[in-house]
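S.K.: Just the structure for this:
(2 chains)
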Protein chains: 2
Amino acid sequence: MKRKTFGPVTSQHVAQLAGVSQSAVSRTFTPGASISPATREKVLKAAREIGYRPNAIARSLNTARSRIVGVVMSYFDNQFYPQVLEALAQQLDELNYHLLLFVGDRDGNVDRIFDQIMQYRVDGIVLASVSLSLELSEECLAAGIPVVLFNRSEETGIASSVNTDNVAASRQIAEFLLAGEHKRFAYVAGVADSSVNLARQQGFVSTLEAKGVQDIRVVQGDYDAQKTARAAQELFSSSAPPDAIFAANDHMALTVMDVARYEFGLRIPEDVSVIGYDDTGASGWPSYALTSASQPVTAMVNATVALLMKQIESENIEPEQVVVAGALIVRHSARRPHFGVVEKEGLSLFQPQEVE
Amino acid sequence: MKRKTFGPVTSQHVAQLAGVSQSAVSRTFTPGASISPATREKVLKAAREIGYRPNAIARSLNTARSRIVGVVMSYFDNQFYPQVLEALAQQLDELNYHLLLFVGDRDGNVDRIFDQIMQYRVDGIVLASVSLSLELSEECLAAGIPVVLFNRSEETGIASSVNTDNVAASRQIAEFLLAGEHKRFAYVAGVADSSVNLARQQGFVSTLEAKGVQDIRVVQGDYDAQKTARAAQELFSSSAPPDAIFAANDHMALTVMDVARYEFGLRIPEDVSVIGYDDTGASGWPSYALTSASQPVTAMVNATVALLMKQIESENIEPEQVVVAGALIVRHSARRPHFGVVEKEGLSLFQPQEVE
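M.R.: Residues are numbered from 1 along each chain as shown, chains lettered A, B, ... in the order given. The predicted structure follows:
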């Protein structure tokens, strides 16, 4: 039921269509205001139908910007996230914005946190390491609050996101390990339904399958050190253990290396090659020298802040999916192939296309 | 010039004494209000002299609490701080307080950040990894804003603080290394004038000196990985390198271990023992198995939040210095003495007094 409107769509139109009071419409779009879930649902539905943009109300109730960006983060034991947080805080600070930190539940339930964020009338939200439900994305959009998913995406494309090319990077890891003449492969998965895990698994496994590889095992590490240790024990205890392991992030890859060396006496990379994803600080420590797909923190944070600022300043939220370029940083945790490794600015990278 | 007052001290008394307008007094104690440094200094001086507590003004201007605590932190590459930040955010969240994050300059200059914090009318401030000048401490106190120094202290005792017993723990490290029959000692110092560095250095060096040890070198790591690597190279290149090294935090100790093993081919602990301070996550990884003085994150954060809440709720800021108990966690990076190591709840601790 599309409603024809002449002139700007007002909250009165929304109230009429939803069959609620105008005050209910106003309260739906006022962060922190009291409104029953059922009424709110009616209002949001009506607002969507007639294309109502409530920014004006939000602005009239809250004329000054708070200059606060809410950041939801978890997995602080994975060094990648503190690095991201530090860079985010510094870049926002340079723009005289500040960062209100919320620690996310690992189970991804963001609803409770979301209500809290709304109490503070933030100018924007960055969600790192939690997923945003479609419902909440729509609510943010309706409330005129820019949201950027960091190192996460959602299928509908309704929220903006910043990622590296997880599929392409994981394909390259498969090609690197194939070029190194490995035979038995394993993927240590992150939380099964997280978008980056799905993309990395798909890129890795589909590339191996396309090359006729049949010995591919997938075990669950769930981004958790203890679960990852158990998954690695399972792999190394099997009758024909893998000689090539890709873990969905560095945090898990380092655990796999420790289990291989200190519980099974395996040599890395002579007995087993291990590759991670993130290229965090510890991966460069000589005790690990982990080969890893990089996620350039500065570039990803730049893109995130630029997206937020564009949307805050234009008051126009057009979702954008930004993909930042990474590279496979070659160190010593995986056998090197005889081709494709190039030296650039003090780093070894796998770039077979530039050699061929 | 002490002024006798009858009845409560008011802003009018302060204005009179300072020779300024009442509005200037009000603006001095209003976060974010415009006031010249010279006038503010006059007002603060007068307020101190007559014991004026401006809480009432602050409250009348800002009746509702912001429920925001400002946290200033730096050194995110030292795993200790992200662990602290996660715990702080979670504990504040449980009390329906939230955390506004400011990344501190490593040079310790907190003035610029402080002005920003004041713009947000925070209910309290936690300063981790930056020092607070006496002037700023006084200003917070005058403005009625509780401040807790985390893992830092300042000499006057005007600000509250939460620490472990840095002197006692470092004395114990010296005793542990002496009991392990080491001969040549080195201390890798953090930033030279940081309070924890001074305490750790003093506890370690004075204990060795009291036992007649003369071979004690002090090198500067400044809590920085690159500087620490250079300091370690200097130590291991010398004609009689140390066989026992205490680094002022784990972050530096791990770097010292990597340099010893991968640049000098030294065995740990056969050739050199290394001990750190913090007991961060990576210290327990089997690649390092670092012996380290623990700083129990949960207990320290509990104490910090309890202090803040007490001061916020009572509106009475009595500075308190809280010392949280730690222990020397014995792993495999330092030779174990023949006595004093006890097993407790799955950990090995150095507690010679309980054995003797």
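
S.K.: where does the stretch 1-150 of chain A dip in pLDDT?
M.R.: Under the criterion pLDDT under 70, the flagged ranges of the stretch 1-150 of chain A are A:1-8, A:30-33, A:51, A:53-64, A:106-109, A:131-134.

S.K.: interface residues of it facing chain B?
M.R.: Residues of the stretch 1-150 of chain A found near chain B (CB under 8 Å from any CB of the partner chain) are A:68, A:76-77, A:79, A:81-83, A:85-86, A:89-90, A:93, A:96, A:98-103, A:116, A:120. Quick note: C-beta positions are derived from backbone N, CA and C, even for glycine.

S.K.: Can you list the residue ranges for strands in the stretch 151-300 of chain A?
M.R.: Counting by DSSP state E, counting those that start in this stretch, the stretch 151-300 of chain A has strands at residues A:160-164, A:185-189, A:216-220, A:244-247, A:273-278, A:291-294.

S.K.: Packed most tightly, which of the ones you listed would that be?
M.R.: strand A:244-247 (a mean of 31; mean count of other CB atoms under 10 Å in any protein chain shown).

S.K.: Direction included, what does it pair against?
M.R.: Strand pairing for strand A:244-247, determined by DSSP bridges: strand A:185-189 (parallel), strand A:273-278 (parallel).

S.K.: CA atoms of the longest one as PDB?
M.R.: Which is strand A:273-278. In PDB, the C-alpha atoms belonging to strand A:273-278 read as follows (Å, rounded to 0.1, in the frame of the first residue of the first chain):
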ATOM      1  CA  SER A 273      52.500 -24.900   7.800                       C
ATOM      2  CA  VAL A 274      50.200 -22.400   9.600                       C
ATOM      3  CA  ILE A 275      48.700 -19.200   8.200                       C
ATOM      4  CA  GLY A 276      46.500 -16.600   9.900                       C
ATOM      5  CA  TYR A 277      44.500 -13.500   9.000                       C
ATOM      6  CA  ASP A 278      44.800 -10.000  10.500                       C
END
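
S.K.: what residues does that strand touch?
M.R.: Residues outside strand A:273-278 that contact it (CB atoms under 8 Å, 6 or more residues apart in numbering or on different chains): A:78-80, A:166, A:169-170, A:173, A:176-177, A:180, A:182, A:200, A:243-254, A:256-257, A:260, A:268, A:283, A:290-295, A:333-335.

S.K.: show me what contacts the residue lying closest to A:V305 once chain neighbours are set aside?
M.R.: Nearest residue to A:V305, sequence neighbours excluded (CB to CB, 6 or more residues apart in numbering or on different chains): A:Q91, at 4.8 Å. Shown in contact with A:Q91 (CB under 8 Å, 6+ apart): A:301-302, A:305.

S.K.: coming back round to it: tell me which of the residues of the stretch 1-150 of chain A next to chain B fall in strands.
M.R.: Per DSSP state E, strands hold the following members of the residues of the stretch 1-150 of chain A next to chain B: A:68, A:98-103.

S.K.: can you redo these as CSV with neighbour count?
M.R.: Formatted as CSV, those follow (neighbours: other CB atoms under 10 Å in any protein chain shown):
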residue, neighbour count
A:I68, 21
A:H98, 22
A:L99, 22
A:L100, 22
A:L101, 22
A:F102, 24
A:V103, 24
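
S.K.: follow-up on the earlier one: let me have the strands paired with strand A:244-247 in TSV, adding distance to B:E209 and mean pLDDT as columns.
M.R.: As requested, the strands paired with strand A:244-247 are exported to TSV (distance: least, CB to CB, whole Å; pLDDT from 0 to 100):
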stretch	distance to B:E209	mean pLDDT
strand A:185-189	50	98
strand A:273-278	45	98
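
S.K.: now the ones you listed in a markdown table, with distance to B:F339?
M.R.: Shown next, in a markdown table, are the strands paired with strand A:244-247 (distance: least, CB to CB, whole Å):
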| stretch | distance to B:F339 |
| --- | --- |
| strand A:185-189 | 43 |
| strand A:273-278 | 40 |
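
S.K.: wait, which of those strands is closest to B:A186?
M.R.: B:A186 lies closest, by CB to CB, to one member of the strands paired with strand A:244-247: strand A:273-278, at 33.5 Å.

S.K.: Mind listing what's buried along stretch A:167-178?
M.R.: For stretch A:167-178, the neighbour count (16 or more other CB atoms under 10 Å in any protein chain shown) marks A:167, A:169-178 as buried.

S.K.: Oh, that last question was meant for stretch A:335-343, not what I typed.
M.R.: Neighbour counts over stretch A:335-343 (16+ other CB under 10 Å) mark A:335-337, A:340-341 as buried.

S.K.: among the residues you listed, which are in strands?
M.R.: Applying DSSP E to the buried residues of stretch A:335-343, the entries found in strands are A:V341.

S.K.: so where do the helices sit in chain A?
M.R.: Secondary structure of chain A (DSSP state H): helices located at A:11-18, A:22-28, A:37-50, A:55-61, A:80-94, A:111-119, A:134-143, A:166-179, A:195-210, A:225-237, A:250-262, A:297-314, A:352-355.

S.K.: any idea how far the fifth one is from the chain center?
M.R.: Average the C-alpha atoms of helix A:80-94, do the same for its chain, and the two points are 15 Å apart (CA atoms, centre = their mean, to the nearest Å).

S.K.: Check the longest one too.
M.R.: Averaging C-alpha positions (CA atoms, centre = their mean) puts helix A:297-314 15 Å from its chain's average.

S.K.: Averaged pLDDT, it. What do you get?
M.R.: Model confidence over helix A:297-314, given as mean pLDDT, is 95.

S.K.: Can I get that helix as PDB, trimmed to CA atoms?
M.R.: Once non-C-alpha atoms are left out, helix A:297-314 reads as follows in PDB (Å, rounded to 0.1, in the frame of the first residue of the first chain):
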ATOM      1  CA  VAL A 297      44.400  -1.100  10.600                       C
ATOM      2  CA  THR A 298      45.100   2.600   9.600                       C
ATOM      3  CA  ALA A 299      43.500   2.300   6.200                       C
ATOM      4  CA  MET A 300      40.400   0.500   7.600                       C
ATOM      5  CA  VAL A 301      40.000   3.000  10.300                       C
ATOM      6  CA  ASN A 302      40.500   5.900   7.900                       C
ATOM      7  CA  ALA A 303      37.700   4.500   5.700                       C
ATOM      8  CA  THR A 304      35.400   4.000   8.700                       C
ATOM      9  CA  VAL A 305      35.800   7.500  10.000                       C
ATOM     10  CA  ALA A 306      35.500   9.000   6.500                       C
ATOM     11  CA  LEU A 307      32.200   7.100   6.000                       C
ATOM     12  CA  LEU A 308      30.800   8.200   9.300                       C
ATOM     13  CA  MET A 309      31.800  11.800   8.800                       C
ATOM     14  CA  LYS A 310      30.300  11.900   5.300                       C
ATOM     15  CA  GLN A 311      27.000  10.600   6.600                       C
ATOM     16  CA  ILE A 312      27.000  12.800   9.700                       C
ATOM     17  CA  GLU A 313      27.700  15.900   7.800                       C
ATOM     18  CA  SER A 314      25.400  15.300   4.800                       C
END
